[in-house]
Structures are given as C-alpha cells and as structure tokens.
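Colleague: Sequence plus the predicted model coming up.
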Amino acid sequence: MKLLYYSPASYGGIADYAHEQANALVALGVDVTFLCTPNYPTSRGEKYRVIPILKDITLNQKFSHKALKAVYYIAIMLTNFNKLADFIAANHFQHVLLASYVEYLAPIWSGSLRKLAKKGVIFGAIVHDPVRNFVLGPLWWHRWSIACGYSFLREAFVHEAVELDTVRPMPQLRTTVIPYGIHQFPSANKSREEIRTSLNVPLDAKVMLAFGYIRNNKNLDLVIRAMVNFPQVYLIVAGQEQSSSQRPVDFYQDLAKTVGVGERCRWEVRFIPEAEVGNLFVATDIIVLTYSHTFRSASSALNTAANYRKPCIASAGEGSLRSVIQKYKLGIWVEPDDLVSLVKGIKLWLKSPPQPNWKNYFAENSWLINAQLVMNCFKYV
C-alpha cells in the first residue's frame, strides 16, 4: 500500500510522533511518502521517503503588528494545504494520513480535499486533541471550521475512546483507538553524577524535570510554589518558550525568586537536541506533567519519559493521559490546577516512589500495534 503522510510540524511532539508512526508503517510493508518542511530533522533513521516541500509555520519571524503575524501564518497554512492537494493529484495517491487533525481555517482549505475524497482518496488523521475548545474567531466560525475539518476524513485515530464532536453528522467517519507508542531517544552520554555536577545540582537531591514547550496549561507556576514545602527538591525546566501568547520564562524565574526557590531551579530554555535528551532524564528522579483541566489529550513528554523509565507526577482533564498513568501506575495523579493536591502528590512521591508496570505498558503501547491498526483501517472499509 502507498501512503502519503502529511506532517507540516518540524519539531515537537507531533513531529516526533509522525516520525515513529511512519517508520512503523514502513516496517509493516507500507510505502510511505512523507510531506514535510525543509527544517524537519532527518538522519534519525527514517525509513520513509522524505519530500520537504512544505512551508515552516513555526519560523520565528519578527512582526510589528499582530495582524501581520496572523496574515503570515494564514498564508503558510493555506499554501501547505494547497501543496498537499496538488501533490495527491499529481502523484495519484489513494491513501493520505494527516499527522494531526486541524480545523483552523478549514472552511477555506477543506474544499479541495473533499473533492479528492469524492474521487476515492481515503483520508485519515490523528486526532491528538479530541476536545476542540480553543475558539478562534466567532463561535459560529469555530463550529463550522470543526465540521469542515472532519468533512473529508474517513478515518479518525484517537488515543482514548471518545465520541468526537463533529458538529454535524459525519456518516463516513470511523473512529479507531490506537495506542501512543514510546518515543525512542538516544541513551545518555554522561553519567548521572556528571550531569548533575554540570548543572550544579547536589548528587543527593531529589530532582523534578519539566520537559518540553513552556506554556501556561502546564501549571509550572504551581510546581514552583509547591517547592516551597520541600527544601530537598530541585527543578530542571528544559524546553523552548512556545509563543508570545504564553507567559514568558521570566515570569516563572521571577516567581521562583519571589517564593524563595530560585536557587533550586535550573533553566535550560532552548531547543533540546536529541543527543542531550537522555542526559536530562538520567539526571532526574521524576517528571512533572501538571497539565490544567483543559488538557485532554495524550502527552509526548510522558512517552519520552517512558523511554527512560521515569515515573511522573501528573494532572489533566479526563482523557488518555489520566487513563494510561492510572492503568499502568506510571506515576502519581493529582487534581489539576490545585496547589494543595500537588503538594500532597510530591509528598507521596518522596515517601513512596511510584512502581510503574513498564512491562505491560511497553507491550500494549507499541508503535507496531499503532501502525497495524492504522494500516488495517486504510485497507478495509
């Protein structure tokens, strides 16, 4: 089977997911062509064919006005979907998988994909965030956009059994639950002692790691406030600031100083190269995934932590993250957006560290199972 994989994200969890899933599909005999941007990282053992013709929507551009920035992003998104439609038609693909479902501006770009679907092209998408509660523009436009985003899909892949809100009936749409596989990253190239020494962290300290993009819904401020109660606990924050719409890292650094824990925080505010990821996880004892109640999807950081067999302290709304953590005992679950609950969770971790069921988690959440389910859906009506 020939499959076209559309992946406009160059970095981050969605890009890593796309890479792992595409490789697993190739391992099952699928001929995968991967549409991406020139900034998509290669030389990671990709077995699929890379076609870097998309525009990168994550470039850091300087704009004097928010309206100019919006126009810039809109232009790139529409250009990429036009490139996708043209590539499908020119190369006669019958099976297309979108790395992530998206509804933004769908009334504008979805028409060309619906025409292809009517001609027999089968579209699928990974619905990483099944609850589309971020409203862009008027509510009527948001609801219309959601419907258009689903209108051409035959296959929707989710990580938790859920009834998708498609706004209007979509009789052609089938929803399939697939596992989120474990991200593969290189092993640490330094010892735990070497890494802690380089970060000026005591060898006997208890260390938490907040890994990935820095954004509001990760409740990093609550983690910092909770540290006041635990003088033996250090925090490493490793990742980039996500966007200007989110609190800057200065906010968290100032908060840490104000509440008296600044000297126990380490800030690696940058893109973390693959070669350094293992070092950060080896240096730490537990991962903090303290998402707000609005977060209801799976977590790339959790499946990176699983690669290094690191447990977590986690919170979120109802969804895949909570289900897998509780089912496989991957960490300590606390109530979202609740400082008191977080303090109790840290206290429980220090007293009785989690004992995850890694064996079952790895066996039941592999990329091979993920890819097999996706392939079966594309092959059969």
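Modeller: Now that the structure is in, tell me what you want to look at.

Colleague: for the stretch 51-200 of the chain, what spans make up the helices?
Modeller: 66-91, 106-118, 139-151, 192-198 (DSSP state H, counting those that start in this stretch).

Colleague: now the last one: mean pLDDT?
Modeller: When you say that, I think you mean helix 192-198. For helix 192-198, mean pLDDT rounds to 96.

Colleague: helix or strand right after that helix?
Modeller: Once the chain leaves helix 192-198, the next helix or strand it forms, by DSSP states H and E, is strand 206-211.

Colleague: which residues does Arg192 contact?
Modeller: By CB atoms under 8 Å, 6 or more residues apart in numbering, the contact set of Arg192 is Val282, Ala283. In short, each C-beta sits where N, CA and C put it, glycine included.

Colleague: sorry, that was for Arg143
Modeller: Arg143 makes contact with Val167, according to CB under 8 Å, 6+ apart.

Colleague: could you measure it against Ser112, distance?
Modeller: Going from Arg143 to Ser112 by CB to CB, to the nearest Å gives 21 Å.

Colleague: mind putting the helices of the stretch 51-200 of the chain in CSV, distance to Ser245 included?
Modeller: CSV is the format used below for the helices of the stretch 51-200 of the chain (distance: least, CB to CB, whole Å):
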stretch, distance to Ser245
helix 66-91, 9
helix 106-118, 21
helix 139-151, 17
helix 192-198, 33
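
Colleague: What segments of the stretch 251-381 of the chain are helices?
Modeller: With DSSP H, counting those that start in this stretch as the criterion, the stretch 251-381 of the chain has helices spanning 274-283, 300-307, 320-328, 339-351, 358-364, 367-379.

Colleague: Could you list every helix and strand in contact with the second one?
Modeller: Here helix 300-307 is seen to pack against helix 13-27, strand 206-211, helix 274-283, strand 286-290, strand 312-315, helix 320-328, helix 358-364 when contacts are counted using 3 or more CB pairs under 8 Å, 6 or more residues apart in numbering; DSSP states H and E.

Colleague: Could you give the average pLDDT over it?
Modeller: 94.

Colleague: next one: it to chain centre, how far?
Modeller: For helix 300-307, the separation from the chain centroid amounts to 10 Å (computed by CA atoms, centre = their mean, to the nearest Å).

Colleague: Keeping just the C-alphas, turn it into CSV.
Modeller: This file holds the C-alpha atoms of helix 300-307, laid out as CSV (Å, rounded to 0.1, in the frame of the first residue of the first chain):
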residue,chain,number,x,y,z
SER,A,300,4.6,13.3,24.2
ALA,A,301,6.6,14.1,27.3
LEU,A,302,5.1,11.0,29.0
ASN,A,303,6.2,8.7,26.2
THR,A,304,9.6,10.3,26.2
ALA,A,305,9.9,9.7,29.9
ALA,A,306,8.8,6.1,29.4
ASN,A,307,11.7,5.6,27.1
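
Colleague: Show residues contacting that helix.
Modeller: Applying CB under 8 Å, 6+ apart, the contact partners of helix 300-307 are 12-14, 16-17, 180-185, 211-212, 277, 281, 287, 289, 311-312, 314, 321, 324-325, 330, 358, 361-362, 365.

Colleague: Show the buried residues in those residues.
Modeller: Using 16 or more other CB atoms under 10 Å as the burial test, the contacts of helix 300-307 include 12-14, 16-17, 180-185, 211-212, 277, 281, 287, 289, 311-312, 314, 321, 324-325, 330, 361, 365 as buried.

Colleague: nearest residue to Asn217 other than its sequence neighbours?
Modeller: The spatial neighbour of Asn217 that comes closest, neighbours along the chain excluded (CB to CB, 6 or more residues apart in numbering), is Ser292 at 4.4 Å.

Colleague: re the thing from before, how about the helices and strands packed on helix 300-307, which one is nearest Leu3?
Modeller: Proximity to Leu3 (CB to CB) singles out helix 13-27 among these, at 6.4 Å.

Colleague: Now the closest one: buried residues?
Modeller: By 16+ other CB under 10 Å, the buried positions in helix 13-27 come out as 13-26.

Colleague: Can you report how many residues lie near the nearest residue to Pro186 once chain neighbours are set aside?
Modeller: Counting by CB to CB, 6+ apart, Pro186 lies nearest to Gly278, which is 5.5 Å off, once chain neighbours are set aside. Using other CB atoms under 10 Å, Gly278 has 19 neighbouring residues.

Colleague: Quick check: Gly278 vs Thr290, distance?
Modeller: According to CB to CB, Gly278 stands 23 Å off from Thr290.

Colleague: before we move on, what about Tyr308?
Modeller: Distance of Tyr308 to Thr290, computed by CB to CB: 19 Å.
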